[in-house]
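> When you get a sec, could you give me coordinates for this:
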Amino acid sequence: MMTVDLLDASIIVAVLAVVMLIGLRGYGLSRSMTGFFLANRGLGAVTLAFSLMATYFSAASFLGGGGATYLFNLGFGAWLTAWHVIGVVLMWILVAERLFKYASKAGIVSVPDFIEHRYQSKVAKAVAAAVMMFLFTLYLTSVYKGGAIIIATVFNTGFEVGLVALAIPVPLYVALGGLRAAALNNLILGSLMLLAAFLTFGLVMSAVGGPIKGVEELRSMTINGISGEMWLRFDGAGPPPAMKAGAVPQLIMSITFSISMAQIALPSLLMQFYAARDARVISQGRVLGPVLVAAYAMAVFSLGAFCHLILDPRLSQGEVARLMKDTDWVIPKTVEVLALSGLRGLILAAPVAASMSTLAVTLLVLSAALTRDVVQLARPSVSERSLMVLARASPIAFGVIALLLTLVQTGIIVEIVAAAFGTIFVCFLGPVTIGLYWKGATKAGAIASMISGLAVGLSWHVFLYKATNVHAVIPALLVALPTFFLVSLFTKKPPREVLELLG
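Just a heads-up that it's a prediction; the model follows:
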């Protein structure tokens, strides 16, 4: 039985302690709604860029994205990286400044706030809040799973124990510190994530003799009865049903697109632009933000394929087959093999940190959706003091719900993220991203787009995804986007004074 390495365990505990201390420090800055949700609109460029990167990249990226090419071919990692860079550049160029300026003029706090103000519709706001609460709670299960796997690995415990250990501190520090605490943590944890990504990349490449030699070795080996050559072909390795149907390329493209392009319409990211200190912050972050995302993605997303060279000689064929069914364990097992004590703890603290940062901001988004976009909408006379109590309590409630869902879900991280992010992207691309530019967009178009995107996305994922090997984001987008335009063309436009805010 593997023993617990005390140095590695101490590093993980230290990360958890630092997060809690920052949460306590942020309490004094989060006693109003603006302070709690938007850090008093005081984030600088570096803090904002790191916060966005750390929010977006959780253990889902380190374990899910990093381990995915253990099952898929290297084309998966290449396209996942490419789409991420495209998505983050578009977010900073097309959305960031325009959304910040609109939010500054309108005094809004959340993405459903934007939808209500932009379309002059409380119904549209309620629909947006409901969609967000449902899909982000689903997404949190992937974040919990990733962090829990790391804690279970380091402390040699069951998955459930690791899950509880992760689930307790984050909702508490969010409840205390709000976005200010989350953003400060993300600056620290984002830096740790980048360091761990580079260290893991260096360890893996050193172990396989560099990428060129690693590719040559991969080509010559046999993996679970399949030629390693298949990991070098875009139409090669992937889930067995997709390989049998010759559908690996379309599966890769649809999954990587849905995960990565969500950045341009993801409320947990877009809400943070509201918190920028001024427009100069957006201009300065426009360079740093994409660089951080690109550096992390290039270091992590193709490692899984090379892990065959490291892990497979140490495993039975049955163990390899099990890992290919749940690739989320590939990276932590590889780090266990390659890294020395202490360095191993530092690296594995990063996905825990990533999970905590992502959980924090996502729970804030859910809290804002419930308090401002549901409760305050239903009861306009409710006091700010009562709303603040609910705002601090709701992250704990959402955290518990997501924890319980994590215990019953069975999918690998990459698929969970793709399902949640892809559907969020489809639902908000029209109403938010396009709505920032197109003055012809209407409340009926926004509502119809969100509802149709959610319905088609979920239905396809449940009933047709496995049969077609096409991710739900593609058919959902083909329905939701035309619906947004067509319904908007034939329905009443918002007042002129609202449209003037769009510039």
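> Look at the closest residue to residue 295 other than its chain neighbours and report its pLDDT.
Counting by C-beta to C-beta, 6 or more residues apart in numbering, the nearest residue to residue 295 once its immediate chain neighbours are dropped is residue 194, at 6.4 Å. Yep, even glycine has a C-beta here, placed from its N, CA and C like the rest. Note on residue 194: pLDDT of 90.
> hmm, which helix or strand of the protein has the shakiest average pLDDT?
Within the chain, no helix or strand scores below helix 33-38, which has a mean of 51 by mean pLDDT, DSSP states H and E.
> Buried residues, stretch 194-211. List them.
194, 196-197, 199-201, 203-205, 207-208 (16 or more other C-beta atoms under 10 Å).
> of those residues, closest to residue 287?
residue 194 (15.9 Å; C-beta to C-beta).
> follow-up on the earlier one: going toward the C-terminus from the least confident helix or strand of the chain, what's the next helix or strand?
Once helix 33-38 ends, the next helix or strand along the chain (criterion: DSSP states H and E) is helix 45-56.
> now that following helix: mean pLDDT?
In the prediction, helix 45-56 has an average pLDDT of 84.
> same check, this time on stretch 101-110
The average pLDDT within stretch 101-110 is 84.
> list the buried ones in that stretch?
101-103, 106, 108-110.
> what's the answer for stretch 373-392, then?
Within stretch 373-392, the residues that count as buried by 16+ other C-beta under 10 Å are 373-377, 387-388, 390-392.
> Output the contacting helices and strands for the host helix or strand of residue 112.
Secondary structure assignment for residue 112, by DSSP H and E: helix 111-119. In this structure, helix 111-119 packs against helix 97-106, helix 122-155, helix 267-273, helix 443-463, with contacts taken as 3 or more C-beta pairs under 8 Å, 6 or more residues apart in numbering; DSSP states H and E.
> Send me that helix as CSV with only the CA atoms.
What follows is helix 111-119, C-alpha atoms only, in CSV (Å, rounded to 0.1, in the frame of the first residue of the first chain):
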residue,chain,number,x,y,z
VAL,A,111,-24.5,38.9,-17.2
PRO,A,112,-28.2,38.5,-16.7
ASP,A,113,-28.2,42.1,-15.6
PHE,A,114,-26.7,42.9,-19.0
ILE,A,115,-29.4,40.9,-20.8
GLU,A,116,-32.2,42.6,-18.8
HIS,A,117,-30.8,46.1,-19.5
ARG,A,118,-29.9,45.4,-23.2
TYR,A,119,-33.3,43.8,-24.0
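> chain center to it, what's the gap?
23 Å (C-alpha atoms, centre = their mean, to the nearest Å).
> hmm, who's touching that helix?
Helix 111-119 is contacted from outside by 99, 102-103, 106, 108, 121-122, 124-126, 128-129, 132, 267, 270-271, 365, 369, 372-373, 428, 431-432, 435, 441-443, 446, 494, 498, using C-beta atoms under 8 Å, 6 or more residues apart in numbering.
> How many residues are close by residue 393?
Neighbour count for residue 393, taken as other C-beta atoms under 10 Å: 15.
> so what's it scoring on pLDDT?
pLDDT, residue 393: 79.
> now the angle from the strand or helix carrying it to helix 122-155?
Counting by DSSP H and E, the element that carries residue 393 is helix 384-408. Here the directions of helix 384-408 and helix 122-155 differ by 50 degrees (axes from the mean of the first three to the mean of the last three C-alpha atoms, to 10 degrees).
> how about whatever helix or strand comes next after helix 384-408: buried residues?
Later in the chain than helix 384-408, the nearest helix or strand by DSSP H and E is helix 413-428. Going by neighbour count (16+ other C-beta under 10 Å), the buried part of helix 413-428 is 413-428.
> Sort out which one of those residues lies nearest residue 240 for me.
Looking across the buried residues of helix 413-428 and measuring by C-beta to C-beta, the closest to residue 240 is residue 415, at 14.8 Å.
> Excluding chain neighbours, give the residue nearest to the closest one in space.
Among residues not flanking residue 415 along the chain, residue 255 sits closest, at 7.5 Å (C-beta to C-beta, 6+ apart).
> Let me see the contact set for the one you found.
76, 414-415, 418, 471.
> So which of the residues you listed is the closest to residue 87?
The closest of these, once distances to residue 87 are taken by C-beta to C-beta, is residue 418, at 13.3 Å.
> ok, the closest one touching residue 474?
No: contact criterion C-beta atoms under 8 Å: residue 418 and residue 474 do not qualify, at 11.2 Å.
> Name the residues contacting each of these two.
Residues touching both residue 418 and residue 474 (C-beta under 8 Å, 6+ apart) are residue 258.
> Need the pLDDT of the residue nearest to residue 415.
pLDDT, read off for residue 255, is 92.
> Likewise for residue 243?
Confidence at residue 243, expressed as pLDDT, is 95.
> got any ranges where this protein has weak pLDDT?
Across the chain, the ranges flagged by pLDDT under 70 are 1-3, 19-20, 22-42, 170-186, 354, 357, 410.
> Show me the residue sitting in the middle of it in space.
Of all residues in the chain, the one closest to the mean position by C-alpha atoms, centre = their mean is residue 56, 4.1 Å from it.
> ok, now which ones touch it?
263, 266, 269, 293, 358.
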